[in-house]
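Peer 1: take this sequence and fold it.
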Amino acid sequence: MNDLRELYQETILDHYRQPRNAGRLVGANRTAEGYNPLCGDKVKLYLKVEDGVIRDVRFEGYGCAIATASASLMTECIKGKSEAEALQLMESVHAMVAGGGTSAEGKLAVLAGVREFPQRVKCATLAWHTMKAALDNVEEAVTTQ
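Peer 2: Here you go, the predicted structure:
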């Protein structure tokens, strides 16, 4: 179990230090901003959605290791997915970090350890709620409050 925990921690730190899909997306047709007032995490998500499929995704922002790693992992997992598939992944991740279920995507399992720290669930789910807001064309920033 310790080896698995260390692997998860290494993966989270890797995505924190070298986030994938970071930066502004030119040609994005959906955007949303999210904020976690408890931790100070902020994220702006850019999506390019065509025919109901997320063709490209990028994010900007700052925050703790968990928030940044979660955003990075999310962008890798939702690219190429339909809107419905991306929302289903969101539900799976939320259930997993909140204490039940497992993730549909193997690489997202690294976030499972968050359930041991309930105060960090909002950090892990911020990018996901922001993605939902972008897909729903919500103009005001979403918060984890």
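Peer 1: where does pLDDT dip in the chain?
Peer 2: Judged against pLDDT under 70, the low-scoring parts of the chain cover residues 1-5, 7, 100-105.
Peer 1: neighbouring strands for whichever helix or strand V49 is part of, and are they parallel or not?
Peer 2: Element membership for V49 (DSSP states H and E) is strand 41-50. In the sheet, strand 41-50 lines up against strand 30-36 (antiparallel), strand 53-62 (antiparallel) (DSSP bridges).
Peer 1: and Q18, which of the ones you listed is closest to it?
Peer 2: Closest to Q18 of the strands paired with strand 41-50, according to C-beta to C-beta: strand 53-62, at 13.7 Å. Every C-beta, even on glycine, is put in place using the N, C-alpha and C of the backbone.
Peer 1: could you point out which element follows that closest one?
Peer 2: Next element after strand 53-62 (DSSP H and E): helix 65-78.
Peer 1: using PDB, write out every CA atom in that next one.
Peer 2: Output of helix 65-78 as PDB, limited to C-alpha atoms (Å, rounded to 0.1, in the frame of the first residue of the first chain):
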ATOM      1  CA  ALA A  65      -0.600  20.700  -5.900                       C
ATOM      2  CA  ILE A  66      -3.900  18.800  -5.800                       C
ATOM      3  CA  ALA A  67      -5.900  21.500  -7.700                       C
ATOM      4  CA  THR A  68      -3.300  21.900 -10.400                       C
ATOM      5  CA  ALA A  69      -2.700  18.100 -10.800                       C
ATOM      6  CA  SER A  70      -6.400  17.500 -11.000                       C
ATOM      7  CA  ALA A  71      -6.800  20.100 -13.700                       C
ATOM      8  CA  SER A  72      -3.900  18.700 -15.600                       C
ATOM      9  CA  LEU A  73      -5.200  15.100 -15.300                       C
ATOM     10  CA  MET A  74      -8.700  16.200 -16.300                       C
ATOM     11  CA  THR A  75      -7.500  17.900 -19.500                       C
ATOM     12  CA  GLU A  76      -5.700  14.700 -20.500                       C
ATOM     13  CA  CYS A  77      -8.800  12.600 -19.900                       C
ATOM     14  CA  ILE A  78     -11.500  14.700 -21.400                       C
END
